[in-house]
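# sequence and predicted model, in that order:
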Amino acid sequence: MTTPSPPPAFLFATRTVARLLFALPFIAAGALHFACGREMAGAFPVPGGAVWVHLTGAAMIAAGVGIATRRLGMWAALGLSLLLLTFIVAVHLPGLAHAATRRVAMGNLIVDTALLGGALTWAGLLASNEQ
């Protein structure tokens, strides 16, 4: 049985670029949660709306930083997965029940499901690096 050769160096650079392209938009989205918190809170009428918007923004920033820097990256990706799953179950699926929000909810459901898959993938990749 032969020992597998290490991957070419460019694959390490590709993984770094891919990790940053995945993480940085979450940092930006989290910052927007703080910059536009009041407007976003109006879109989801729940008690303490702005607090939830700021809390989810902080979670996105923390996850993005963790994934980008690989500091607790696996845990950051798993936390992000949980946050995305919460969005899917608590926001997007209920939005499908109302004709006025059905199209937006469906689009967001598709995007967040894909992002959930990406976050779980990064959790696995980062777990192998943390051992």
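Cool, got the structure.
# how about V104, secondary structure?
Under DSSP: H, G, I helix; E, B strand; the rest coil, V104 falls in the helix class.
# please disregard the earlier target; I meant P7.
coil.
# could you tell me how far it is located from A13?
Computed as C-beta to C-beta, to the nearest Å, the P7 to A13 distance reads 11 Å. For glycine as for every other residue, the C-beta is placed from the backbone atoms N, C-alpha and C.
# again, but for T121
Counting by C-beta to C-beta, the gap from T121 to A13 is 18 Å.
# list the buried ones in the helix or strand of the chain with the lowest mean pLDDT?
Least confident helix or strand, the chain: helix 37-43 with a mean of 83, by mean pLDDT, DSSP states H and E. Going by neighbour count (16 or more other C-beta atoms under 10 Å), the buried part of helix 37-43 is 37, 40-41.
# then it to CSV, C-alphas only?
Backbone C-alpha positions of helix 37-43 (Å, rounded to 0.1, in the frame of the first residue of the first chain) are rendered in CSV as follows:
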residue,chain,number,x,y,z
GLY,A,37,-31.1,46.8,13.7
ARG,A,38,-34.2,48.8,14.1
GLU,A,39,-35.2,48.4,10.5
MET,A,40,-34.6,44.7,10.6
ALA,A,41,-36.5,44.3,13.8
GLY,A,42,-39.6,45.7,12.1
ALA,A,43,-39.5,42.9,9.6
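# and the next helix or strand past it?
Using DSSP states H and E, the helix or strand that directly follows helix 37-43 along the chain is helix 49-69.
# other SSEs contacting that following helix?
helix 9-35, helix 37-43, helix 73-87, helix 102-130 (3 or more C-beta pairs under 8 Å, 6 or more residues apart in numbering; DSSP states H and E).
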